[in-house]
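*Asks:* I'd like to go over a predicted model; first the sequence, then the structure.
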Amino acid sequence: MPSLIDLRRRIRSVKNTQQITKAMKMVAAAKLRRAQERVIASRPFSQNYEKLLANVVAAAAGDERVLDNPLLASRREQKLQVILLTSDRGLAGAFNSNTIKGAQAFISEKAGVQVQMETVGRKGRDFFRRRANVTGEHVGIFEKSLFADADRIAKTAIERYSNCEVDAVYLIYNEFKSVMSQRLTVKKILPVPVPEGRASHDYIFEQPPDQLLGKLLPNYVGIMVYAAILESAAAEYAARMVAMDAASTNAAKVIDQLTLYLNRVRQASITREIIEVVSGAAALE
């Protein structure tokens, strides 16, 4: 049976841990509020840009020069580039493990295909460092969430695809749905999908369509990477807030159980001392 001193030390230790988890929950909640606002503000732009690009590509599909754009060239997938987005820190529930499992499942589905990993975040980098061909790593992206970082990652992917070093580029990340829910998303960003059928709008091009798409297509890749970063950042903070809230609740339960056990041990100790005093007094009589 543990002593009273040991129980008090353990209760004090759990209380200190509870204070840390509560503080981390508050920090995650504050960061989530800002990240959620950025996600909500960016979604209309990225979605409308995607629709606009699809319409422009469909409207200019009759121009042979448009289909010569390297970002529209579809090839047999023998070499793939995967951009995996995970967090730099843990204590976020199943956020990182779900993303890593999704990446492993994707690689298993592409059996026989050479897969190169571009990792964003320490957790994905540390896991795949010895399990896959990691061609690039980026740390501290979520804290800043700058378009310049996303554009740099996108330009690297565009360069590799244009030089035929890879045949397709995929994004694997967690899409923010709500505080309690995130959805694992696998999105193909290169080659840029070419819609079938006619465009929903008629366009009059003031410059040649191939020159116009030469600017729109690279921007599309950068915007998709940036949107994935914003979604992942919000999903990470939501997952960490929920995990720290659950940890604080569990700590409170442990404190209650230990306090109850402490009272029982103290009561047993007092009862034993009383019995010893009474027994000693009876022996003297």
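*Replies:* Thanks, I have the structure now. Since the structure is predicted, the reported quantities are computational estimates derived from the model, not experimental observations. Numbering: from 1, shown residues only.

*Asks:* can you tell me how far the nearest residue to residue 193 once chain neighbours are set aside is from residue 47?
*Replies:* Excluding the flanking residues, the one nearest residue 193 by C-beta to C-beta, 6 or more residues apart in numbering is residue 54, at 7.5 Å. Where C-beta positions appear, they are placed from N, C-alpha and C, glycine not excepted. For residue 54, the distance to residue 47 equals 11 Å [C-beta to C-beta, to the nearest Å].

*Asks:* who has more neighbours out of these two?
*Replies:* More crowded of residue 54 and residue 47, by other C-beta atoms under 10 Å: residue 54, with 17 against 11.

*Asks:* so after the helix or strand containing that one, what's the next helix or strand?
*Replies:* Using DSSP states H and E, residue 54 falls within helix 4-59. Using DSSP H and E, the helix or strand that follows helix 4-59 towards the C-terminus is helix 64-67.

*Asks:* give the other helices and strands that that following helix contacts.
*Replies:* helix 209-284 (3 or more C-beta pairs under 8 Å, 6 or more residues apart in numbering; DSSP states H and E).

*Asks:* wait, residue 166 touches residue 158, no?
*Replies:* No. Taking contacts as C-beta atoms under 8 Å, residue 166 lies outside contact range of residue 158: 10.5 Å.

*Asks:* between these two, which one's more packed in?
*Replies:* For residue 166 versus residue 158, neighbours defined as other C-beta under 10 Å are more numerous around residue 166 (23 against 19).

*Asks:* list the contacts for the more buried one?
*Replies:* 79-81, 116, 157, 160 (C-beta atoms under 8 Å, 6 or more residues apart in numbering).

*Asks:* now do the SS call for the closest residue to it other than its chain neighbours.
*Replies:* Closest residue in space to residue 166, ignoring its immediate chain neighbours: residue 81 at 4.2 Å, by C-beta to C-beta, 6+ apart. For residue 81, the assignment made with DSSP: H, G, I helix; E, B strand; the rest coil gives strand.

*Asks:* and residue 81, how far is that from residue 33?
*Replies:* From residue 81 to residue 33 the distance is 34 Å (C-beta to C-beta).

*Asks:* look at these two and report which has more neighbours.
*Replies:* Remark: of residue 81 and residue 33, residue 81 carries more neighbours, 24 against 11, as counted by other C-beta under 10 Å.

*Asks:* sketch out the low-pLDDT regions of the protein for me.
*Replies:* 1, 61-64, 195-202, 281, 284-285 (pLDDT under 70).

*Asks:* any idea how far the closest residue to residue 147 other than its chain neighbours lies from residue 118?
*Replies:* With C-beta to C-beta, 6+ apart as the criterion, residue 147 has its nearest non-adjacent residue at 5.2 Å, and that residue is residue 226. Distance, residue 226 to residue 118, by C-beta to C-beta: 15 Å.

*Asks:* residue 86 now?
*Replies:* From residue 86 to residue 118 the distance is 12 Å (C-beta to C-beta).

*Asks:* which of the two has more residues huddled nearby?
*Replies:* Shown here are residue 86 and residue 118; by other C-beta under 10 Å, residue 86 has more neighbours (28 against 23).

*Asks:* the more buried one against residue 126, yeah?
*Replies:* No. Counting by C-beta under 8 Å, residue 86 does not reach residue 126; the two are 9.1 Å apart.

*Asks:* now the common contact residues for those two.
*Replies:* With C-beta under 8 Å, 6+ apart, residue 86 and residue 126 have no common neighbours.

*Asks:* from residue 209, how far off is residue 55?
*Replies:* 12 Å.

*Asks:* just residue 203 next, same as before
*Replies:* Taken as C-beta to C-beta, the span from residue 203 to residue 209 is 9 Å.

*Asks:* show me which of these two is the more surrounded one.
*Replies:* The residue with more neighbours, out of residue 203 and residue 209, is residue 209; 20 against 14, by other C-beta under 10 Å.

*Asks:* next, count neighbours for the residue nearest to that one when sequence neighbours are not counted.
*Replies:* Closest residue to residue 209 apart from its sequence neighbours, by C-beta to C-beta, 6+ apart: residue 60 at 3.5 Å. Neighbour count for residue 60, taken as other C-beta under 10 Å: 19.

*Asks:* how near is residue 60 to residue 66?
*Replies:* 5 Å.
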